[in-house]
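Generate coordinates for the sequence data below:
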Amino acid sequence: VLSYPEPFVRVTEHGDSGITLTVRVWTKNTDYWDVRFNLLEEIKSAFDKNGIKIPYNQLDVHLK
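Numbers count the residues shown, from 1 in each chain. Below you'll find the model as predicted:
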């Protein structure tokens, strides 16, 4: 991850099932996919460590 422009995290939406965060970092083109996947894994790990649950829409199907 490049230090300039400075990375940032912002709340970009208050949705029906959660809050949307935008995480923006800059990297060299050749490092893009590694940085993207590592960032997603680290965010999920940090959420788990801090007891932050990701809400998922639920659909109930009733058969008669």
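
got any ranges where this structure has weak pLDDT?
The chain contains no residues with pLDDT under 70.

residues touching the nearest residue to Leu2 once chain neighbours are set aside, list them.
Excluding the flanking residues, the one nearest Leu2 by C-beta to C-beta, 6 or more residues apart in numbering is Trp26, at 4.5 Å. C-beta: built from backbone N, CA, C; applies to glycine. For Trp26, the contact set (C-beta atoms under 8 Å, 6 or more residues apart in numbering) comprises Val1, Leu2, Tyr4, Pro5, Pro7.

what's near enough to touch the second one?
When contacts are counted by C-beta under 8 Å, 6+ apart, Leu2 touches Val25, Trp26, Thr27, Lys28.

Of these, which is the nearest to Val35?
Thr27 (4.5 Å; C-beta to C-beta).

how far away is the closest one from Gln58?
According to C-beta to C-beta, to the nearest Å, Thr27 stands 36 Å off from Gln58.

And the helix or strand that Glu42 is a member of, what does it pack against?
Assigning secondary structure by DSSP states H and E places Glu42 in helix 32-49. Packing contacts for helix 32-49, counted by 3 or more C-beta pairs under 8 Å, 6 or more residues apart in numbering; DSSP states H and E, involve no helix or strand.

Distance from it to the middle of the chain?
From the chain centre to the centre of helix 32-49 is a distance of 8 Å (C-alpha atoms, centre = their mean, to the nearest Å).

Shouldn't Leu63 be within a helix?
No. Leu63 sits outside any helix when classified using DSSP: H, G, I helix; E, B strand; the rest coil, being coil.

tell me, how many neighbours does it end up with?
Residues lying near Leu63 (other C-beta atoms under 10 Å) number 3.

do Asn50 as well
Around Asn50 there are 7 residues (other C-beta under 10 Å).

still on that earlier bit, most surrounded residue in the contacts of Trp26?
Tallying neighbours with other C-beta under 10 Å puts Pro7 at the head of those, with 14 neighbours.

Can you tell me how far that one is from Trp26?
Pro7 is 7 Å from Trp26, by C-beta to C-beta.
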